[in-house]
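Enquirer: Pasted the sequence and its predicted model underneath.
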Amino acid sequence: MQGLRGVKIEGWGKALPERVLTNHDLEQMVDTSDEWIVSRTGIRERRVAGPETAASDLALVAAREALAKAGLDPERVDLIIVATVTPDMAFPATACLVQSALAANRAAAFDLEAGCSGFLYALAIGREFVASGTYDHVLVIGVDILSRITNWQDRNTCVLFGDGAGAVVLGPAVRGQGILSTYLGSDGSGGELLCLPAGGSRRPLAPEHMEQGLQYIHMNGPEVFKFAVRVMGEAAVKALELAGLGLDDVTYLVPHQANLRIIDAAARRLKLTSERVLVNLDRYGNMSSASIPVALAEAADAGRFRPGDILVLVGFGAGLTWGASVVRW
Ligand code: UT7
């Protein structure tokens, strides 16, 4: 992108509900086993939000942490973007609820829906605003409480998901530093492979739809799997090309956390050994928009990134959508 300014990640944060749901807990709920879940997905446990917690609550915690790390007063935030498929309500936007709770009084705010690619879409948009000079500081949040839209009687899906939030603060940088490239894609012809059929204008939350369980996530796992394996590698390579970098330059892959087998396939495509791949799905499952920023925040907090490290963020999700971004730390 030919932006006038570079754009860097100035702060990061995360929020995870306290309650842990293990594979053994799930064995008591549906016909599954720890062995099946671990061998097919890599997931061992996930976090589940209590009934009093909504997306904006987790988003707020992650946002406050990111702002504190950036040393930025909420008054200085120009824009808040919340990527989510589980907003508190259809409207107002969860981003507006966060804006109010933060007292980020100068900020514009909106939600963005791009499935599990949402954080990467939001990061790309935030980057454009800062690069162009329109805004100086953009708060980008990925949050999902998938437990609310999970059918806990469907073993095909309920073992996969978890709740959480991650946030970053974007700000101006020298060109060549920070976010070096963003790449986004979509293929709406695959929309039915992963969707929430009811609750929108097509099928309102009417009793006949709810009796069929259409208020829950529906997914064709094997088809999404094939799509994900193909697109993760392709998107990462494309983002590297856009950044003028090659496979040898990559320090860490920060992938969307849906299935360890998908992540391993992407790592093989990029010729990366496992220590160069950030994985948190064993502990958190698939947190949709939150998976990538939580992985980023945890690794940053652990001091894993050194200045100049090249990170490749890459993900895919409902839409179908995909995206990737290359960041010089
Ligand atoms: O963020 C994007 C969201 N989603 C994804 O990325 C998901 C992508 N897909 C996947 O990760 C995998 O397709 C799954 C993990 C969902 C499924 O793994 P799979 O290796 O593709 O298994 P499958 O769906 O082909 O099912 C194999 C068998 C089936 O039994 P039969 O028909 O062979 O007798 C399933 O009924 O495994 C059965 N099965 C289970 N067994 C125990 C499905 N779910 C479970 C379960 N426990 N939880």
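Expert: Nice, thanks for sending it over. Treat the numbers as computed from the prediction; the structure is a model and nothing was measured.
Enquirer: contacts, neighbours, all on C-alpha from now
Expert: Noted.
Enquirer: For the stretch 201-329 of the chain, which residues are neighbours of the ligand?
Expert: 221, 222, 224, 225, 258, 259, 288, 317 (Cα under 6 Å from any ligand atom).
Enquirer: make it 8 Å
Expert: Proximity of the stretch 201-329 of the chain to the ligand, by Cα under 8 Å from any ligand atom, involves residues 219-226, 228, 256-259, 261-262, 286-288, 316-318.
Enquirer: quick one: low-confidence ranges for the stretch 1-150 of the chain?
Expert: 1-3 (pLDDT under 70).
Enquirer: hey, where'd the strands end up in it?
Expert: Counting by DSSP state E, counting those that start in this stretch, the segments of the stretch 1-150 of the chain that form strands are 6-15, 20-22, 45-47, 79-83, 108-112, 138-145.
Enquirer: residue contacts, the closest residue to residue 158 other than its chain neighbours?
Expert: In this structure, residue 158 finds its nearest non-sequential neighbour in residue 152, 5.4 Å apart by Cα to Cα, 6 or more residues apart in numbering. Residues in contact with residue 152 (Cα atoms under 8 Å, 6 or more residues apart in numbering) are 29, 30, 158.
Enquirer: how close does the last one get to residue 278?
Expert: Taking Cα to Cα, to the nearest Å as the measure, residue 158 falls 23 Å from residue 278.
Enquirer: sorry, back to before: can you tell me which of the residues of the stretch 201-329 of the chain next to the ligand end up in strands?
Expert: 219, 316, 317 (DSSP state E).
Enquirer: Find the nearest non-adjacent residue to the closest residue to the ligand within the stretch 1-150 of the chain, please.
Expert: Minimum separation of the stretch 1-150 of the chain from the ligand (Cα to the nearest ligand atom) falls at residue 32, amounting to 3.6 Å. The shortest distance from residue 32 to any non-neighbouring residue, by Cα to Cα, 6+ apart, is to residue 155 (6.7 Å).
Enquirer: Pull the number of nearby residues for the one you found.
Expert: Residue 155 has 16 neighbours, counted by other Cα atoms under 10 Å.
Enquirer: Pull the contacting residues for the residue nearest the centre of the chain.
Expert: For the chain, the residue sitting closest to the mean C-alpha position, by Cα atoms, centre = their mean, is residue 289 at 2.4 Å. If you count contacts by Cα under 8 Å, 6+ apart, residue 289 has them with 83, 84, 115, 116, 117, 118, 119, 142, 143, 144, 165.
Enquirer: can I assume residue 184 sits in a helix?
Expert: No. Applying DSSP: H, G, I helix; E, B strand; the rest coil, one finds residue 184 to be strand, outside a helix.
Enquirer: can you tell me how far it sits from residue 249?
Expert: 21 Å.
Enquirer: Which one of the two is surrounded by more residues?
Expert: residue 184 (19 against 12).
Enquirer: so residue 327 bridges to which residues?
Expert: Assessed by DSSP bridges, residue 327 has beta-bridge partners residue 179, residue 311.
Enquirer: How many residues are close by it?
Expert: Neighbours around residue 327, by other Cα under 10 Å: 26.
Enquirer: can you check residue 247 too?
Expert: 14.
Enquirer: Could I get the pLDDT score of it?
Expert: Note for residue 247: predicted pLDDT of 96.
Enquirer: what's the answer for residue 302, then?
Expert: 97.
Enquirer: Could you report the neighbour count for it?
Expert: Residues lying near residue 302 (other Cα under 10 Å) number 9.
Enquirer: about what we covered before: output the strands of the stretch 1-150 of the chain in CSV; the columns should cover distance to residue 197.
Expert: CSV is the format used below for the strands of the stretch 1-150 of the chain (distance: least, Cα to Cα, whole Å):
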stretch, distance to residue 197
strand 6-15, 28
strand 20-22, 26
strand 45-47, 24
strand 79-83, 19
strand 108-112, 18
strand 138-145, 17
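Enquirer: which one of those strands is the most hemmed in?
Expert: strand 138-145 (a mean of 33; mean count of other Cα atoms under 10 Å).
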